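Colleague: this one's structure only:
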């Protein structure tokens, strides 16, 4: 029955991942390429054409700030400016639609189904090309007044570090050290240019002392950033996801140690865990968000 079916739609810069959920069970998932030509105007029609039928609701997870009224305040890598994609989706399909930031959607999935299961309040940190984060408090996603809640990657650690500007235009952000791009940058500064973050972390875990220093610097920055965030929101647990976090306990334990060094004493005991849902988290979280 369509009344029990919901679409979870994770709109990425290269691929849109779509899942069909019925009674809380994932029935099917598929993807379509993200067409960012012409200001991304083809993205929603392409999604619509891939849907097998009607549903009770849908939700879009998008890589941008989402205001409380559903307005998306730019998605640069989709070509979108200020827009209301949920309204356009409903106009195209007739399906009621909500919209949420992709990291927040992933946070909801990890809190209910993944690495944060069993906790009502988590901070989810996604380590990839950048550093994204999502906040779930008391089982509810928190977007903030301007959709900026969870922008951990742009927490400034050292504005004097002007070696390279962050994508936000400032200097010394967490993202400059702890993202995949940031780790590669630190390695290049240390005399190891052209390495991917995976190569760096793998070599460090295998015993390369110079590259372990690079990883330690990245984990120190991330631990400091998380400690600052936890002093504000005080989650029960922190969940690390994204490609960099796939290094597993080697990376996680370094971040935990840095967090323990820098956190406010009342936050000691906050456990840093690994995400378990992988790249499906945004799609699953958007389906959960559609269900309400």
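Modeller: Received the coordinates, thanks. This structure is a prediction, so every number in the text was calculated from the model and none was measured.

Colleague: would you map the strands across this protein?
Modeller: Remark: strands assigned in the chain by DSSP state E are 5-11, 15-22, 25-33, 57-62, 65-66, 72-75, 80-83, 97-101, 122-127, 131-137, 140-141, 237-241, 271-274.

Colleague: show me what the third one is packed against.
Modeller: Packed against strand 25-33, as judged by 3 or more C-beta pairs under 8 Å, 6 or more residues apart in numbering; DSSP states H and E, are the following elements: strand 15-22, helix 43-50, helix 281-291. Glycine gets a C-beta too; all of them are placed from N, C-alpha and C.

Colleague: summarise which helices and strands the longest one is packed against.
Modeller: In terms of contacts (3+ C-beta pairs under 8 Å, 6+ apart), helix 281-291 is packed against strand 5-11, strand 15-22, strand 25-33, strand 57-62, strand 97-101, helix 102-113.

Colleague: distance between stretch 45-59 and the chain's centre?
Modeller: Relative to its chain's centre, stretch 45-59 lies at 23 Å (C-alpha atoms, centre = their mean, to the nearest Å).

Colleague: pLDDT value on the most centrally placed residue in the chain, please?
Modeller: With distances taken as C-alpha atoms, centre = their mean, residue 103 lies nearest the centre of the chain, 3.2 Å away. pLDDT, residue 103: 94.

Colleague: list the contacts of stretch 212-223.
Modeller: With contact meaning C-beta atoms under 8 Å, 6 or more residues apart in numbering, stretch 212-223 is reached by 125, 127, 131, 157, 174, 176-178, 182-183, 186-187, 190, 192, 200-201, 204, 251, 254-262.

Colleague: now, of those, which are buried?
Modeller: Among the contacts of stretch 212-223, those classed as buried by 16 or more other C-beta atoms under 10 Å are 125, 127, 131, 157, 174, 176-178, 182-183, 186-187, 192, 200-201, 204, 251, 254-256, 258-259, 262.

Colleague: give me the subset of these lying in helices.
Modeller: Members of the buried ones among the contacts of stretch 212-223 lying in helices (criterion: DSSP state H): 176-178, 182-183, 186-187, 200-201, 204, 251, 254-256, 258-259, 262.

Colleague: where does the prediction get shaky in this protein?
Modeller: 1-2 (pLDDT under 70).

Colleague: now do the domain split for it, please.
Modeller: 2-104+280-291, 117-276 (automatic domain parsing).

Colleague: what about the nearest residue to residue 48 once chain neighbours are set aside, neighbour count?
Modeller: Using C-beta to C-beta, 6 or more residues apart in numbering and skipping residues adjacent in sequence, the residue nearest residue 48 is residue 92, 4.8 Å away. Residue 92 is flanked by 15 other residues according to other C-beta atoms under 10 Å.
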